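Chemist: sequence and computational prediction follow.
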Amino acid sequence: MIGYYNYTVILTYASLLSAGLGIVISLSGDGHPYIGTIFLLICGLLDAFDGQVARTKKDRTQAERSFGIQIDSLTDLVAFGVLPACIGMSLINTTPLLKSFFDMRTEKPMYMLLCGLLLAVLVLYILAALIRLAYFNVLEEDRHRAEGGGKNKVYIGLPVTISSLIFPNVMLFRYIFPSASDWISVIYFVVAIIVGFLFLAKVKFPKAGVRGIIIMVTIGCIETALLIVALCLKGVG
């Protein structure tokens with residue numbers, strides 16, 4: 001079989017499988033945004049360690065390194081670009097306010113415009129993630145040629161992986177404040193616009209060190225635990 005299957009890419013493959021399951025479950029039936037969010041968090045946790053695991057193999061060939069870079073970016077696009085958009089789509093199907101826009105879109109042009117706007121936000125968010133990942137790969141290739149490798153200390157534009165912490169926070173607020181769930185669902189789309197813009201902004205963000213990774217992993221684990229408890233207690237999809 002083509003491709004590489006050693007331990008350096010196992011976490012990346014697992015992240016893609018988690019993202020795929022999250023997409024399918026998010027869009028199944030009437031929608032399951034909370035379950036999809038749990039899979040998004042799992043993707044974030046796996047991504048936090050895949051690079052460190054890959055670098056433990058000292059005898060990687062150049063082909064293995066290049067394959068790892070490509071497969072990581074492709075997985076990030078699915079996990080942190082497509083999956084959050086699918087969670088947003090499932091919110092439309094499970095939020096009475098947003099669903100009413102689609103139910104009435106054939107009756108009033110205004111509702112058709114609102115429906116188009118919601119869908120445009122999701123599609124443009126995916127496009128922003130794609131452009132950011134491709135641009136990052138180009139910068140990394142140029143930097144490696146100019147500097148001969150080494151670790152980059154800053155990111156240009158917000159890393160797409162941060163979506164695995166941002167969107168779960170919105171979903172937790174939606175669960176904690178059910179009386180405001182309709183408007184918090186709307187906020188999800190506003191957050192998607194802001195995050196998508198930051199993906200492409202020429203702003204430097206410091207790269208997380210070991211301490212930063214530990215903090216983000218801890219936050220992700222807490223969010224995952226809270227969402228799982230919420231699902232178990234009230235069976236929220």
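Modeler: Cool, the structure landed.

Chemist: nearest residue to the middle of this protein?
Modeler: Here the mean C-alpha position of the chain is nearest to the C-alpha of Phe80 (CA atoms, centre = their mean), at a distance of 2.1 Å.

Chemist: dump the residue contacts of that one.
Modeler: Listed by CB atoms under 8 Å, 6 or more residues apart in numbering, the contact set of Phe80 reads 40, 43-44, 47, 129, 160-161, 163-164. The way it works is simple: take the backbone N, C-alpha and C, and place the C-beta from them, glycine included.

Chemist: again with Ile187
Modeler: Here Ile187 is in contact with 170, 173 (criterion: CB under 8 Å, 6+ apart).

Chemist: ok, it to Ser181 distance?
Modeler: Here the criterion is CB to CB, to the nearest Å. By it, Ile187 lies 10 Å from Ser181.

Chemist: now swap in Leu45 and tell me
Modeler: With CB to CB as the criterion, Leu45 and Ser181 are 26 Å apart.

Chemist: out of the contacts of Phe80, which sit inside helices?
Modeler: Counting by DSSP state H, the members of the contacts of Phe80 that fall within helices are 40, 43-44, 47, 129, 163-164.

Chemist: from those residues, which one has the minimum pLDDT?
Modeler: Ranked by pLDDT, the ones in helices among the contacts of Phe80 bottom out at Asp47, which has 91.

Chemist: what pLDDT does the model give the closest residue to it other than its chain neighbours?
Modeler: Computed as CB to CB, 6 or more residues apart in numbering, the closest residue to Asp47 that is not its neighbour in sequence is Thr161, at 5.2 Å. Among the per-residue scores, Thr161 shows a pLDDT of 94.

Chemist: list the contacts of Leu227.
Modeler: With contacts defined as CB under 8 Å, 6+ apart, Leu227 is in contact with 34, 37-38, 41, 168, 171-172, 175.

Chemist: tell me where the chain has strands.
Modeler: Counting by DSSP state E, the chain forms strands over residues 154-156, 204-206, given from the N-terminal end onward.

Chemist: need the winner for burial among those strands.
Modeler: For the strands of the chain, the largest average neighbour count (mean count of other CB atoms under 10 Å) is found in strand 154-156, namely a mean of 14.

Chemist: contact partners of it?
Modeler: When contacts are taken as CB under 8 Å, 6+ apart, the neighbours of strand 154-156 outside the stretch itself are 135-136, 139, 202-207.

Chemist: pick out the most distant pair among these.
Modeler: Of all pairs drawn from the contacts of strand 154-156, the widest gap by CB to CB lies between Tyr135 and Pro206 and measures 18.2 Å.

Chemist: circling back to that earlier point, can you list the contacts of Phe80 in JSON lines and add distance to Phe67 and neighbour count?
Modeler: As requested, the contacts of Phe80 are exported to JSON lines (distance: CB to CB, whole Å; neighbours: other CB atoms under 10 Å):
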{"residue": "Leu40", "distance to Phe67": "25", "neighbour count": "32"}
{"residue": "Cys43", "distance to Phe67": "20", "neighbour count": "28"}
{"residue": "Gly44", "distance to Phe67": "22", "neighbour count": "26"}
{"residue": "Asp47", "distance to Phe67": "17", "neighbour count": "23"}
{"residue": "Ala129", "distance to Phe67": "21", "neighbour count": "25"}
{"residue": "Val160", "distance to Phe67": "20", "neighbour count": "24"}
{"residue": "Thr161", "distance to Phe67": "19", "neighbour count": "17"}
{"residue": "Ser163", "distance to Phe67": "24", "neighbour count": "27"}
{"residue": "Ser164", "distance to Phe67": "23", "neighbour count": "30"}
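
Chemist: let me know the closest of those residues to Ser26.
Modeler: Nearest to Ser26 among the contacts of Phe80, counting by CB to CB, is Leu40 at 9.1 Å.
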